[in-house]
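S.K.: Okay, sequence plus prediction incoming.
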Amino acid sequence: QVKWDSDGLRFAVGSGAKCVPVCQYDADGDWWVSKMIKKKIKSTVICIAFHPTNGQVLATGCADFKCRLYSTYSADVDGSDASDVVSFPFRRPVEFGEVYAELSASSWINAMAWSPSGTTLAYASHDSAIHFADFSSGAAVVQTIKFAELPLRSLIFVAEKAIIGGGH
């Protein structure tokens, strides 16, 4: 899976190689360069989603039953002045590739989506569950809904408190 950030300044690629390349344009060289996120990834990265308000936070869903939020902050793209940097809820940006949060599921993660405000991350797992991680208080508070039907394969928020899921 490939996703662009909301600013169009970088894109990320899910990979079976236990890493996530995050690519940004280098104007000096007139080409795209990538940095690799490798920390804690123990399996295939199935789905990814950039935070909707900036490209400095990337959520990954993996086959190791984990959803991880990584910093994709880059001084080259985001600026080094603290006033230019957007932090994840209640935390200053950390170095590229550092983990903001690690969330669990009971199966591999098929799909994920951020709410429009970026305070809630929804991720669907292959055991027919959808998990909602609310970051409005800083730390993640996760609620899970388990379905009797087949698992969801795609998610999209249509409003802050409304989500659509598609599956098999």
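M.R.: Looks like it arrived, so ask away.
S.K.: so residue 36 touches residue 19, yeah?
M.R.: Yes: if you go by CB atoms under 8 Å, residue 36 and residue 19 touch, sitting 4.8 Å apart. Where you see a C-beta, it was placed from the backbone N, CA and C, and this is true even at glycine.
S.K.: Against residue 61, how distant is the nearest residue to residue 125 once chain neighbours are set aside?
M.R.: Leaving aside its sequence neighbours, residue 125 sits nearest to residue 105 (CB to CB, 6 or more residues apart in numbering; 3.9 Å). Computed as CB to CB, to the nearest Å, the residue 105 to residue 61 distance reads 8 Å.
S.K.: When the two are compared, which one has more neighbours?
M.R.: Per other CB atoms under 10 Å, whichever of residue 105 and residue 61 has more neighbours is residue 61, with 28 against 23.
S.K.: Remind me what the helix or strand of the chain with the lowest mean pLDDT packs against, helices and strands.
M.R.: Using mean pLDDT, DSSP states H and E, helix 75-78 stands out as the lowest-scoring helix or strand of the chain, at a mean of 78. Where contact means 3 or more CB pairs under 8 Å, 6 or more residues apart in numbering; DSSP states H and E, helix 75-78 is packed against strand 20-26.
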